[in-house]
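Student: with the sequence up front, the predicted model follows.
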Amino acid sequence: MEDRNIVCKDCGNEFVFTVGEQEFYKEKGFENDPVRCPDCRRARKQQMNKR
């Protein structure tokens, strides 16, 4: 495995999906790569908590 660059679907910025993050996702059983950067993920989570 190696670090991968992914483009955020919300803001369009590129972010790095590190080997450590990939291992964490695999350990948790997640099959899909993240589609949002950490900042957009955090903002979306806050929005969901306000509902």
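Tutor: Sure thing, it's come through.

Student: so where's this protein shaky on pLDDT?
Tutor: Applying pLDDT under 70 to the chain flags no residue at all.

Student: in it, which spans are strands?
Tutor: Along the chain, the stretches classed as strands by DSSP state E are 4-7, 14-17.

Student: could those strands be laid out in TSV, adding mean neighbour count?
Tutor: For the C-beta atoms, the positions are set from N, CA and C on the backbone; glycine is no exception. Formatted as TSV, these follow (neighbours: other CB atoms under 10 Å):
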stretch	mean neighbour count
strand 4-7	12
strand 14-17	14
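
Student: nearest to P38, out of those strands?
Tutor: strand 14-17 (6.7 Å; CB to CB).

Student: and the helix ranked longest in the chain, what does it pack against?
Tutor: If you go by DSSP state H, the chain has its longest helix at helix 38-49. Of the remaining helices and strands, none touches helix 38-49 by 3 or more CB pairs under 8 Å, 6 or more residues apart in numbering; DSSP states H and E.

Student: got the buried residues for it?
Tutor: Under the neighbour-count criterion of 16 or more other CB atoms under 10 Å, helix 38-49 has C40 buried.
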